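Asker: Got a sequence here, can you build the structure:
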Amino acid sequence: MKSVLFIVNPHSGKNRSKNIETVANEILTPDKFSVDFVYTRFAGHALELSRMGVEKGYDIIVAVGGDGTIHEVSQSLIHSKSTMAIIPMGSGNGFARFFGISSSVKKAIQMIAEGEEKTIDTVLCNSEYFVNVAGFGFDAQIGDIYDKSCSEERGGLNYVKLVIEEYFSYPPQKCRFLVDGKEVEKTFFVASVANANQYGLNAVIAPEADVTDGKFELVLVKELPVFDVIPVTIRLFVNQFNNSRHVETYHLEEFTVLNNVPRLLHLDGEPRMINTDITFKIQKQSLTCIVPKKKHIGRRL
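Answerer: Down below sits the predicted model:
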């Protein structure tokens, strides 16, 4: 029998989480699963609850919510013996979309019973992990605004509209990077560090991302001429972003942003301000997740 802890963000999913206990108890039958539920009450609570779940030895810990909930829950599960499962209820659901996890509560719970376990890489950014995508350029600015917007202002078209509106007020950034012991200087507009492939809403920043290859992708976008803003943004949604002449992609295990100014950073869409060096380091085979069976999670051919 496997023990399962559901960590539920009750504010995600437009009340879809209300029937989570009923559906879970119907599918995860007591002859095979022991199921418990806890509910988050404040920002950071999912992290506390996941830490408690790991300490109590739950076999499976389920993040029920959006990318922010997944980010918090994963912090304690990385390098632990507990397996993570996801019931996606956010507006973007980038990490869940990458694995092909259904947004249907019933189907996502069935996946917990019938899916397969995959051990994947994660990334350590200074002292905090992330599982999906981080960024410290224009993408962080957009992520911060999008994070603060209400649910009615979200969605693919509104995301594109936001990108276009903010583009004209955001200056190109210049940074020095330390890669393989060498300093390089880059001027960029977008700077994303991708473990999986997308921000969410099928906005695919790193089409070749592979969460099992022991590397992440650093995606840099140069300053765009005005007439290229819309075409390049559209490329995000048609899985062709890396084919743009404005995009540079690097496959890395570690690099450092040599930083001494206040800089907006997001980890899995969660914004924070940082004014020290920022080091990204791959954590190979560090998190076990339940995913749909026979789902290819490496590079898409």
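
Asker: alpha carbons only for contacts and neighbour counts from here, please
Answerer: Noted.

Asker: Give me the domain ranges for the chain.
Answerer: The chain breaks down by automatic domain parsing into domains covering 2-114, 128-282.

Asker: element containing residue 97, please.
Answerer: Following DSSP states H and E, one finds residue 97 within helix 94-99.

Asker: Counting by contacts, list what that helix packs against.
Answerer: Judged by 3 or more CA pairs under 8 Å, 6 or more residues apart in numbering; DSSP states H and E, helix 94-99 is in contact with no other helix or strand.

Asker: for residue 23, what are its contacts?
Answerer: When contacts are counted by CA atoms under 8 Å, 6 or more residues apart in numbering, residue 23 touches 105-106, 109.

Asker: Assign a three-state SS to it, would you?
Answerer: helix (DSSP: H, G, I helix; E, B strand; the rest coil).

Asker: For it, give its distance to residue 110.
Answerer: 10 Å (CA to CA, to the nearest Å).

Asker: how far does the top strand by length along the chain sit from the chain's center?
Answerer: Counting by DSSP state E, the longest strand found in the chain is strand 278-291. Centroid separation for strand 278-291 versus its chain: 11 Å, with CA atoms, centre = their mean, to the nearest Å.

Asker: What average pLDDT does that strand get?
Answerer: Mean pLDDT, computed over strand 278-291, is 98.

Asker: Point out the other elements, helices or strands, that that strand touches.
Answerer: strand 83-88, helix 105-114, strand 116-125, strand 254-258.

Asker: CA-only coordinates of the first one, as PDB, when you get a sec.
Answerer: Listed in PDB are the C-alpha atoms of strand 83-88, where the atom choice follows Å, rounded to 0.1, in the frame of the first residue of the first chain:
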ATOM      1  CA  THR A  83       7.700  10.900  -5.400                       C
ATOM      2  CA  MET A  84       5.900  14.000  -6.800                       C
ATOM      3  CA  ALA A  85       2.600  13.900  -8.600                       C
ATOM      4  CA  ILE A  86       0.700  16.900 -10.100                       C
ATOM      5  CA  ILE A  87      -2.900  17.900 -10.400                       C
ATOM      6  CA  PRO A  88      -2.600  21.100 -12.600                       C
END
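
Asker: neighbouring contacts of stretch 105-114?
Answerer: Residues contacting stretch 105-114 (CA under 8 Å, 6+ apart): 16, 20, 23-24, 27-28, 85-88, 101-102, 290-293.

Asker: between the residues you listed, which is nearest residue 50?
Answerer: Residue 50 lies nearest to residue 85 out of the contacts of stretch 105-114, by CA to CA, at 12.0 Å.

Asker: show me the contacts for that closest one.
Answerer: Residue 85 neighbours (CA under 8 Å, 6+ apart): 60-63, 112, 289-291.

Asker: Show me where this structure has its helices.
Answerer: Taking DSSP state H, the helices of the chain run over residues 20-27, 45-55, 67-77, 94-99, 105-114, 138-148, 156-167, 229-236.

Asker: Report all helices and strands that the longest one contacts.
Answerer: This points to helix 156-167. helix 138-148, helix 229-236.

Asker: Only the buried residues of the first one, if you could.
Answerer: In other words, helix 138-148. Residues 138-144, 146-147 are the ones in helix 138-148 that count as buried (16 or more other CA atoms under 10 Å).

Asker: No further queries at this time; thank you.
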